[in-house]
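**Q** Give me a 3D structure for the following:
(one chain, ligands or ions: 1)
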Amino acid sequence: MANYSEIQIKSYRGTYSVHFIENPFELIKNYDENTIFVLDEKVESLYFEEFKNSIGDRSVLRITASEDNKNFKKMEGYIDQLLVFGIRRDKKLVAIGGGITQDITCFLASTLFRGVFWEFFPTTLLAQADSCIGSKSSINYGNVKNLLGTFCPPNKVHVSVSFLRTLEQKEIQSGIGEMIKVHFLNDYMTFKSLADEFERISNWDVLEKFLYDSLLYKKKFIEVDEFDRGIRNVMNYGHTFGHAIESATNFGVPHGIAVTIGMDMANRFSYQKGWLEKELFESSKECLEQNYRDFKNVDINRDTFFSAISKDKKNVDGKLALIIPYKNNKIEKVLFENNAEFKDFCNNFFEGLDA
Ligand SMILES: NC(=O)c1ccc[n+]([C@@H]2O[C@H](COP(=O)([O-])OP(=O)(O)OC[C@H]3O[C@@H](n4cnc5c(N)ncnc54)[C@H](O)[C@@H]3O)[C@@H](O)[C@H]2O)c1
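**A** Prediction:
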């Protein structure tokens, strides 16, 4: 992937770039003593010798990647550790890990001293293909996912697909879920190009191409609406249902797989309302189902699901704001009553899942 040219992202803090690199440890070695690393513990243990040789004795804030550890109540502990490491305004945080390590680092970088520089080495497919650009940090509060957040883009992103070789299969599928989403949002033909190659997506060359394209498609949305006040809203396609599924399974379903199930629900909802065309509904269903095939029998707690849906942050005056394919198959935000008909739809969908 080192042959792919860098991608420049325009942001309110200036332009930052995404580089595609072969050997991350060569770069990690070169950071100066003003750097504090924020490192996913599992990634550290998988590449122990490489990190030992490249980070040496510089300061490391270690993160165990779990939703509980990106809860607001944990931030105080991280800040205490950073203070012990001598964090100052002129120091730099370098995050190495997936979306959880990113969210924590981005949140800390944007709030400490009202902003310190940070860079990111994403190590999951989801983080490489999606979350590494877009400026957002999302922090859980109580049992509400991603209630708190800031907009603070990294100063640089370094993508090395070499990290992906140790990822569990479910984490690969989770990243593919977000890749499917952004391909669908670009247009139906873009989605179809991915769906047609889906059987070959475990081939690295194919995966890398779709990873790169996913960033290019996401770039189009975030550059025109970085603060998520308009068009960027559609990036939440699959997320209203997806976040509720994550809560209702106690985060037993990885984020991007929950989003994949969520897109299938959104499409079915739209199809039943007469908006999404039958052919599009059926062909997308095939690809989405393939991607969540290992989670069809998952136990979804209905009470938690409906409670989470009712609290979704996009809701307006008690109405659900669903991002679904609407007229002319275009994905848009549409308001719906949170009523018995909607509940029946969801229950029927879940009953069909493990049929
Ligand atoms: N801020 C954003 O824009 C944004 C966007 C999408 C998702 N998110 C958030 O990201 C989180 C999910 O992130 P994620 O899916 O990247 O995963 P993650 O950070 O939760 O990591 C998933 C698992 O993979 C492990 N892991 C990471 N890199 C690995 C590697 N190279 N080899 C083996 N194991 C590795 C981690 O230790 C963890 O066990 C969610 O909390 C979600 O809300 C944030």
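**Q** drop to CA atoms for contacts and neighbour counts, all remaining ones
**A** Noted.
**Q** Residues contacting the lengthiest helix in the chain, please?
**A** Counting by DSSP state H, the longest helix found in the chain is helix 204-224. Residues from elsewhere that reach helix 204-224 (Cα atoms under 8 Å, 6 or more residues apart in numbering): 1, 4, 7, 9-11, 128-130, 133-134, 161, 179, 182-183, 186, 194, 197, 200-201, 228, 231-232.
**Q** Need the nearest residue in space to Ala297, chain neighbours excluded.
**A** Careful, residue 297 is Asn; it's not Ala. Asp354 (5.1 Å; Cα to Cα, 6 or more residues apart in numbering).
**Q** Now, of the contacts of helix 204-224, which are buried?
**A** The neighbour count (16 or more other Cα atoms under 10 Å) marks 1, 7, 9-11, 128-130, 133-134, 161, 179, 182-183, 186, 194, 201, 228, 232 as buried among the contacts of helix 204-224.
**Q** Does at least one residue of the strand or helix carrying Lys73 sit close to the ligand?
**A** Here Lys73, judged by DSSP states H and E, is contained in helix 72-84. No - with Cα under 6 Å from any ligand atom as the criterion, the ligand is not reached by helix 72-84; the gap is at least 12.7 Å.
**Q** Out of the buried ones among the contacts of helix 204-224, which sit inside strands?
**A** Counted as lying in strands by DSSP state E, out of those, are 7, 9-11.
**Q** okay, those residues in JSON lines with pLDDT and distance to the ligand next?
**A** Putting these into JSON lines (pLDDT from 0 to 100; distance: Cα to the nearest ligand atom, whole Å) gives the following:
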{"residue": "Ile7", "pLDDT": "98", "distance to the ligand": "17"}
{"residue": "Ile9", "pLDDT": "98", "distance to the ligand": "14"}
{"residue": "Lys10", "pLDDT": "98", "distance to the ligand": "16"}
{"residue": "Ser11", "pLDDT": "98", "distance to the ligand": "14"}
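**Q** thinking again about what came up before, pull the residues that contact the helix holding Lys73.
**A** 61, 104, 108, 139-142.
**Q** Flag whichever of these scores worst on pLDDT.
**A** Of all the contacts of helix 72-84, Gly142 carries the smallest pLDDT score, 90.
**Q** For the stretch 151-300 of the chain, what lies in contact range of the ligand?
**A** 163-164, 166-167, 255.
**Q** domains of this structure?
**A** 7-166, 169-353 (automatic domain parsing).
**Q** Span of the first one from start to end?
**A** Right, domain 7-166. 25 Å (Cα to Cα, to the nearest Å).
**Q** How far off centre is it?
**A** 14 Å (Cα atoms, centre = their mean, to the nearest Å).
**Q** Strands along this protein, start to end?
**A** For the chain, the strands defined by DSSP E cover 7-11, 14-20, 35-40, 60-63, 92-97, 117-122, 136-141, 144-151, 156-159, 320-325, 331-336.
**Q** now the longest helix of the chain and strand 14-20, what's the angle there?
**A** 180 degrees (axes from the mean of the first three to the mean of the last three Cα atoms, to 10 degrees).
**Q** For helix 204-224, the averaged confidence score.
**A** On average, helix 204-224 scores 97.
**Q** Mind exporting the C-alpha coordinates of that helix to PDB?
**A** Output of helix 204-224 as PDB, limited to C-alpha atoms (Å, rounded to 0.1, in the frame of the first residue of the first chain):
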ATOM      1  CA  TRP A 204      -5.000  -8.000   0.300                       C
ATOM      2  CA  ASP A 205      -4.800  -6.100  -3.000                       C
ATOM      3  CA  VAL A 206      -8.600  -5.900  -3.300                       C
ATOM      4  CA  LEU A 207      -9.000  -4.900   0.300                       C
ATOM      5  CA  GLU A 208      -6.400  -2.100   0.000                       C
ATOM      6  CA  LYS A 209      -8.000  -0.700  -3.100                       C
ATOM      7  CA  PHE A 210     -11.400  -0.500  -1.300                       C
ATOM      8  CA  LEU A 211      -9.700   0.900   1.900                       C
ATOM      9  CA  TYR A 212      -8.100   3.700  -0.100                       C
ATOM     10  CA  ASP A 213     -11.300   4.500  -2.000                       C
ATOM     11  CA  SER A 214     -13.300   4.500   1.300                       C
ATOM     12  CA  LEU A 215     -11.100   7.400   2.500                       C
ATOM     13  CA  LEU A 216     -11.600   9.300  -0.800                       C
ATOM     14  CA  TYR A 217     -15.400   9.000  -0.500                       C
ATOM     15  CA  LYS A 218     -15.500  10.000   3.100                       C
ATOM     16  CA  LYS A 219     -13.200  13.000   2.400                       C
ATOM     17  CA  LYS A 220     -15.900  14.400   0.100                       C
ATOM     18  CA  PHE A 221     -18.400  14.500   3.000                       C
ATOM     19  CA  ILE A 222     -16.100  15.700   5.800                       C
ATOM     20  CA  GLU A 223     -14.500  18.500   3.800                       C
ATOM     21  CA  VAL A 224     -17.900  20.200   3.100                       C
END
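**Q** Understood, closing this out.
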